[in-house]
Structure formats: structure tokens, C-alpha cells
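Novice: could you look at this predicted model? Sequence included:
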Amino acid sequence: MKAETLPVSSPSHQNGILKRTSLPTKIGLSLLVTVLIILGVLAPSLGGNKLYVPDFSEDSSITFYDLNHSKGSKDGWQRDERVLFCVPLRDAAAHLPMFFGHMKNLTYPHNLIDLAFLVSDSSDDTMGALLKHLNEVQSSPNVASRFGEIEIFEKDFGQAIGQGFSDRHGFAAQGPRRKLMARARNWLWTVAIKPHHSFVYWRDADVETVPATILEDLMHHDKDVIVPNVWRPLPDWLGNQQPYDLNSWQESDGGLQLAEQLDEDACIVEGYVEYQTWRPHLAYLRDPYGDPEVEMELDGIGGVSILTRASVFRSGAHFPAFSFEKHAETEAFGKLSKRMGYSVVGLPHYVIWHIYEPSSDDLKHMEWMALEEVRQKEEAKIKKVYDKVWDVAFMDVQDEWQQERKNLFKNTDLSNARKIQVNWPGVDDWMLEAGGDNKKLANFNPRNFTENDVALVTGASRGLGHNVVQELLGRGVKHVYVLDINEPTTRLTGVEYVRCDVANEHELKSKLTELVRSLAERHLQVTICVNNAGVRHSESLLNLSDDSIRRIFNVNTFSHLWTIKTLLSSHLAETPVPVQHKRLFITSVSSVLGELGPKNLSAYAGSKAALTQIYESLRQELRGYRSISLLLVIPGQLNTPMFQDVVPSKQILAPIVRSDKLAKKIVDRIQQNHGGVLCAPLYANVLPAIRVLPMWLQAAFRWFTDMDNKVIDQTEKNK
């Protein structure tokens, strides 16, 4: 085939063509660009944010979904966004009437809510009760009350742990139980989620009180994963209410350190003395009058109520049924979601209420209360019969006496009767004298020590702590533990000495946790704690090393905090200790030098001042806990080795306190269950008033007492 040869135009001819066609070409190109810009601007309003939608109408076997329509908006109820409502059920027949009562009240459009239930390992008629309630809801004449798609799945996972409160919340059951629950949740959402779902909402069936607007309330925060605060009501004799879900928390340094020490397959669970993480919990930050819109960033979350964008699951997030960063199930889901870059938050002041489930100890106490109520009723019946017999057996002679009285005294002039004068000032003087040391006054509220009392004393190898231990043993305390880094000068019979450096946070917490665990195995708990550990220095701040400053504060302040927090957590946690034996009396020994610090004791005085203010604040925090008492001891100079090199110049104003007498007063207060502040000697009570005086008067007081010349800088002295 012969190729066709095209004529080549001359340069002049080409130029002529370009000149003749340049203007029309430019106009055409301009019109084309203008049309494309207009189409680009109007496209979202004309047909969404895309220019192309595939058409499969000719092939019915193909279905197209645009997942951009299922992103999940903060106002999803106005955009017809569908919610997958997931509910795992196990032995839940008794809770379903309450659950469906809440479901009927939901304000989110019911036709946009698809229900998915997973019934597993149930021994009751959960499936039958579920079908009954669903038929009632879906056959309602009110079409708006009917829900969208409903799916029920049934699969057993071999869950052998009972559904009782003590069974489900026992420490040993937590790891295996959480992993099985994670498997169940994953089975449910993977088979139930559809492309048209924008949100996935998880809810337990045993929630007692929940707002009807909960879906909208959580949704409008526009977060990927969000949970409310969960509390539970309690009987009056248990305190009326209590945080329920402790699985929603922020990570802490203590939690990270604990995770590094555990085995690869271990699972940390919150609310148990075995795992002290010191994490900020969503539950404990609740303020009944706080703003329900306030958000708190979380790392772990609980599973009672979770609203999640469906895209979080579609992107690969799930409930790990294995140890992920030493957690499983919902807590691991929170950590995993955050690792994937999603927002995970909780609402500390937006609260829903879980039902109250009595523990085995609660049931025993309730049984005792029932028997006591029967006894009191029987006693009231007997008293009623007794009063009736008394009224019948004895004649009322009051009226007769009034008549006879007139006859007896009609010839008697009572105005001449001898009058008795009583001089009362002497009694007042005796009362004032007796009130000084409480020796003469009767104690009408004694607290007798029992075999269930356990005392823990820190810094008791000698001095005041040793005297306190002696006094406790003398009054019948059978279990006494001493934590001290030093060997005791005299080992006392019946005391278990534990060598511990209380300045070392990890060592102290480890020893305390082990002690609490071993006591719990014997159904015992620390009921008396005396924080007496203390160290001092004799150098100016410039001559004091950073390590010395850190150790002074660790011993004098932080060891008290670590001990108190550990024991409070143990006391408030669910333990085998019977309710009637649960009490805790915490004592900390401060110093008058925390009120007015002398020269060359800056770190010591500062650590004691901090301890005093900590107790002042903690007393207000624990005012509602009747089983917890706090005592702050503020002594002057003791006759102990710590300050034996300091001799006050005016002992008539600042007498030295004998440690054995102070120990007796401390144990008196413990036995009387009398918290508050114990100052000794007298001048310790008035020292805080010195702080409100003008500076020149404070300076005059210091000069008069010569307090700033009594502690010599040992570094300068050695030079």
C-alpha cells in the first residue's frame, strides 16, 4: 500500500492560517474553561460530591454502595443515618422487660435503628423472652415505634463463669472472661454490620436508668468512640451510690510500668488491689452538678454503653480477644482505636445507671438484716403484751395522790422549809481539769479492738513508732505489721517486721500490695494505719543535695500518700472482708515545724507542711465515708533520737514531749474512733495563729524563742 503524502505548507502559508484562527480559538477555549468551572462548583449541589455514579441497573446481581454516605455525622438523626444497635445477651431474661422499656422511649428515629442480638451460653429462656418482646414492639399499631432491621444470632462460647456479681467480678475470672466476651462481641458486629450503617452502638441489657436521648447526646459530640459515665445505686446501708464501670480511664505512668513487668499474655483489670495502676478513672471524676458536655480523653473504655462510628470497625479496629498492650476486650479496643488515630473520649458528668447486683457479702448482710427485722417485730409484739399486762396489773394512783396531797400539806407552811444551797464552781473546775487529758471523763463511745483488727505502722523500729506498736499490742491488737528500712532496736513478740524503704515508691507499693493480698486471703484487711516514717536534715538548702531533698519529701510526704491511696483502694474495693468488719483508721505524724519552719530545716519543714495540707484536703474528700477516720498528729519536739541534738532554750514554753505518752494518746484516739487533729504540747495548738500576725511580730517571736539558732548547719560546722 502506498503511503499518502501530504503537501507541506510554506512558512508564510502557516503564519497566515495562525493569524486567521487565533481569535476564535481563544474564545472557544475560554468558554470551555468557564463551563468546567461552573460544573465543578455546582456539582455537589446537583448530584453529591462525585461526578460519576456507576449504573448496574441492567445487572440485578450487582449492588453498589457508596460508603461516603455512611461516615457518621454529629447530627445523624437529621441525615437519616442508620445505627446498628448491638446487644450481647447471656441469662438476661429477667432484664429484658426493663431493656425494652428503655428501647420504646428512644427519641432517635426507630426506623433508623437496626437491632442485632447475640444470645450465648444461657441457661434461662433468654431467647424465648427476646422473641416475645420483639413481637410486641414490631406489631405495635404505632408504626413510628417499630425498629428497622432485626437480626438474632445464637452461638455458645463455652463461658463457664457464673452470672452472679461475685462470680463475674472476682479477680481470678477477669482475664479469661474478658477474652471470651471479646470473641462474642467480634462475632456479633462482623456478621451484623452492613454498608448502610453509619454508627454502631453497644449496650448492656442490665442498665437501669438511661436518658431517652442517649444516641443524640453521644452522637452530637462528633467523636469516633465515646462513652458515658456509669454508676450504680446502692442500699442506704452501703452508701446509696457507687461508681460501677472502672474500665474507662486515662493511662498513667504506674499503669505503663506495671504493664512492662507482666507476662505477655497477662491482662490488667481495674479496681483490684492486685493491679495498682493509679490511673485517672472517668467514674471518679463525676460531679453531680457538672456540665454533661465536658469531655475527657480516654485510653481504655468500658462496654456498658459505647457509641462508635462504623468506619472505626471497617478500618480494622476490633475487640482484641488476646492481650493487646496487656489489656483485652473493650479496654483493649479503646487502646487500639487510639493507636489507629481515632478520637476516644468519655463524658464524666453524663451518667447512666447500672442495676445494683448484691455481692455474696451483701447477700449475707441482707440475710442478717431480714432476721434482725423479724427479731425486732417479735420484740415489739412482746413489749406490746407486756405494756398491756403492766397497765392491767398496776393501778394508776396519780389522781388519788393529788387528793391526798392536799390533805397532807394543808396545815404545813412550805415557805419555811429549809433551803439547800449548792456551790457549783468547784464542779466546773473539776470538769476543766479532767478535760485536759481525758483521764477522769468516762468514754461513752469505746472502740474495742477485735481479732479482725490489723495494724500497719511505718517507721517503727524505734522512737514514737515503736511506742505506738507497744501500746497497740498492750490493748489486744493481734495482727501488727511494721514497715521500716532499719532493724528494730527491740523486736516485739507478735509483730511482723517487713524491711522496706518507704522512700522507694515501687518497693513500698509492692510490699503494701502483697500485704493486702495476703490479708484478703484470710478475709482480713488493714483497719489501723499509723504513718510515722520520717527523716530530717541539718543543712541549709544550698548545702543540701537534690537526692537528699527528694528522699526527705519521699519519706515525709509521698510515702504517706502512697500508703493512704493503696489502703483506701483496698478498703473501697469489693473484697471478701465482711461489711461489718470494714473500717479504716489512718494516722499520719506531722510536726509543729510544718507550721513554723526554723532555719536550716527548709526541706523538712516543707515536707511536713505539705503533709498537713494534704490531710486537710483529704478529710473533706472522705467526709461521706463513715467507715474511714483520719487523724493528723502535730507534735512538738519529741525525746527521740531524731532531734536529740536540738535543745530548746525556753523549755517552759516548748517542753519536750515524751514519745510513750504521745503514743498512748494516739492509740486512745484510735480506740475511741476519734479523728481530727491531735496537737502536743499546748503551744502546738496556737502556732497556726502566729502565721496571721504581721511579719515584724513573727520576727519578734522568732527572736524571743531563738528558734532559728537551734539547728546548726552540719556542713558549715564540719568545715
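Specialist: Perfect, thanks for sending it.

Novice: outline the domain layout of the chain.
Specialist: 73-361, 454-718 (automatic domain parsing).

Novice: for the nearest residue to residue 300 once chain neighbours are set aside, list the residues it contacts.
Specialist: Nearest residue to residue 300 in three dimensions, chain neighbours excluded: residue 331, at 3.6 Å (Cβ to Cβ, 6 or more residues apart in numbering). From N, CA and C alone the C-beta is placed, and that goes for glycine too. For residue 331, the residues meeting the contact criterion (Cβ atoms under 8 Å, 6 or more residues apart in numbering) are 178, 247, 268, 270, 300-302.

Novice: in the strand or helix carrying residue 331, what's buried?
Specialist: Secondary structure assignment for residue 331, by DSSP states H and E: helix 329-339. Taking 16 or more other Cβ atoms under 10 Å as the basis for neighbour counts, the residues of helix 329-339 that come out buried are 329-338.

Novice: from the chain's centroid, how far away is that helix?
Specialist: 20 Å (Cα atoms, centre = their mean, to the nearest Å).

Novice: dump the C-alpha coordinates for the following helix or strand past that helix into PDB.
Specialist: Once helix 329-339 ends, the next helix or strand along the chain (criterion: DSSP H and E) is strand 344-354. Output in PDB follows, covering the C-alpha atoms of strand 344-354 (Å, rounded to 0.1, in the frame of the first residue of the first chain):
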ATOM      1  CA  VAL A 344     -11.700   8.200  72.200                       C
ATOM      2  CA  VAL A 345     -13.500  10.300  74.800                       C
ATOM      3  CA  GLY A 346     -15.800   9.900  77.800                       C
ATOM      4  CA  LEU A 347     -18.300  12.200  79.500                       C
ATOM      5  CA  PRO A 348     -17.500  12.400  83.300                       C
ATOM      6  CA  HIS A 349     -20.700  14.300  84.200                       C
ATOM      7  CA  TYR A 350     -23.100  12.500  81.800                       C
ATOM      8  CA  VAL A 351     -24.200   9.400  83.800                       C
ATOM      9  CA  ILE A 352     -26.300   6.300  83.200                       C
ATOM     10  CA  TRP A 353     -27.100   3.900  86.000                       C
ATOM     11  CA  HIS A 354     -26.400   0.200  86.100                       C
END
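
Novice: average pLDDT across strand 344-354?
Specialist: Throughout strand 344-354, pLDDT has a mean value of 97.

Novice: ok, it: who's next to it in the sheet?
Specialist: strand 207-209 (antiparallel), strand 225-233 (parallel), strand 296-297 (antiparallel) (DSSP bridges).

Novice: tell me which of those strands is the most buried.
Specialist: The highest mean neighbour count among the strands paired with strand 344-354 belongs to strand 225-233 (a mean of 24), with neighbours defined as mean count of other Cβ atoms under 10 Å.

Novice: avg pLDDT for it?
Specialist: pLDDT averaged over strand 225-233 equals 96, rounded to a whole number.

Novice: if we can go back for a sec, could you dump the contacts of residue 331 to JSON lines with secondary structure?
Specialist: Below are the contacts of residue 331 laid out as JSON lines (DSSP: H, G, I helix; E, B strand; the rest coil):
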{"residue": "178", "secondary structure": "helix"}
{"residue": "247", "secondary structure": "coil"}
{"residue": "268", "secondary structure": "coil"}
{"residue": "270", "secondary structure": "coil"}
{"residue": "300", "secondary structure": "strand"}
{"residue": "301", "secondary structure": "coil"}
{"residue": "302", "secondary structure": "coil"}
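
Novice: let me have the residues you listed in JSON lines, extended by neighbour count.
Specialist: Below are the contacts of residue 331 laid out as JSON lines (neighbours: other Cβ atoms under 10 Å):
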{"residue": "178", "neighbour count": "23"}
{"residue": "247", "neighbour count": "25"}
{"residue": "268", "neighbour count": "23"}
{"residue": "270", "neighbour count": "20"}
{"residue": "300", "neighbour count": "29"}
{"residue": "301", "neighbour count": "29"}
{"residue": "302", "neighbour count": "27"}
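
Novice: check residue 313 and give its pLDDT.
Specialist: Residue 313 carries a pLDDT value of 96.

Novice: burial count for it?
Specialist: Using other Cβ atoms under 10 Å, residue 313 has 20 neighbouring residues.

Novice: got a list of what it touches?
Specialist: By Cβ under 8 Å, 6+ apart, residue 313 lies in contact with 189, 193, 200.

Novice: what helix or strand is it located in?
Specialist: Residue 313 is located in helix 310-314, with elements delineated by DSSP H and E.

Novice: okay, buried residues for that helix please.
Specialist: Across helix 310-314, burial judged by 16+ other Cβ under 10 Å covers 310-313.

Novice: and which of those is nearest residue 545?
Specialist: Taking Cβ to Cβ as the measure, residue 545 lies nearest residue 312 of the buried residues of helix 310-314, at 51.3 Å.

Novice: tell me how far the closest one lies from residue 269.
Specialist: Look at residue 312 and residue 269: by Cβ to Cβ, to the nearest Å, they are 23 Å apart.

Novice: pick the one among the buried residues of helix 310-314 closest to residue 293.
Specialist: residue 312 (22.1 Å).

Novice: any figure for the gap between the closest one and residue 382?
Specialist: 67 Å.

Novice: buried ones in stretch 365-385?
Specialist: So stretch 365-385, judged by 16+ other Cβ under 10 Å, has buried residues residue 365.

Novice: meant to ask about stretch 176-189, not that
Specialist: Neighbour counts using 16+ other Cβ under 10 Å place 177-189 of stretch 176-189 among the buried residues.

Novice: give me the most central residue, the protein.
Specialist: residue 284 (3.8 Å; Cα atoms, centre = their mean).

Novice: pretty sure that one contacts residue 244?
Specialist: No. Using Cβ atoms under 8 Å, residue 284 makes no contact with residue 244, being 11.6 Å away.

Novice: mean pLDDT lowest for which of the domains of the chain?
Specialist: Out of the domains of the chain, domain 454-718 stands lowest, with a mean of 83 (criterion: mean pLDDT).

Novice: OK, contacts around residue 511?
Specialist: Each residue near residue 511 by Cβ under 8 Å, 6+ apart is listed here: 483, 498, 500.

Novice: just the ones of the residues you listed in strands?
Specialist: Cross-referencing the contacts of residue 511 against strands under DSSP state E gives 483, 498.

Novice: dump the contacts of residue 511 into JSON lines; add neighbour count and distance to residue 464 as well.
Specialist: Supplementary listing: the contacts of residue 511 in JSON lines, determined by neighbours: other Cβ atoms under 10 Å; distance: Cβ to Cβ, whole Å:
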{"residue": "483", "neighbour count": "28", "distance to residue 464": "15"}
{"residue": "498", "neighbour count": "14", "distance to residue 464": "19"}
{"residue": "500", "neighbour count": "20", "distance to residue 464": "18"}
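
Novice: distance to residue 522 added to the contacts of residue 511, as TSV?
Specialist: TSV is the format used below for those (distance: Cβ to Cβ, whole Å):
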residue	distance to residue 522
483	19
498	16
500	21
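
Novice: so which of the contacts of residue 511 is the closest to residue 532?
Specialist: Distance to residue 532, by Cβ to Cβ, is smallest for residue 483 among those, at 9.9 Å.

Novice: can you tell me the helix or strand for residue 291?
Specialist: In this assignment (DSSP H and E), residue 291 forms part of neither any helix nor any strand.

Novice: that should have said residue 455, apologies.
Specialist: Under the assignment here (DSSP H and E), residue 455 is part of strand 454-458.

Novice: cool, and residue 383?
Specialist: helix 360-393.

Novice: run the chain-centre distance for that helix.
Specialist: 39 Å.
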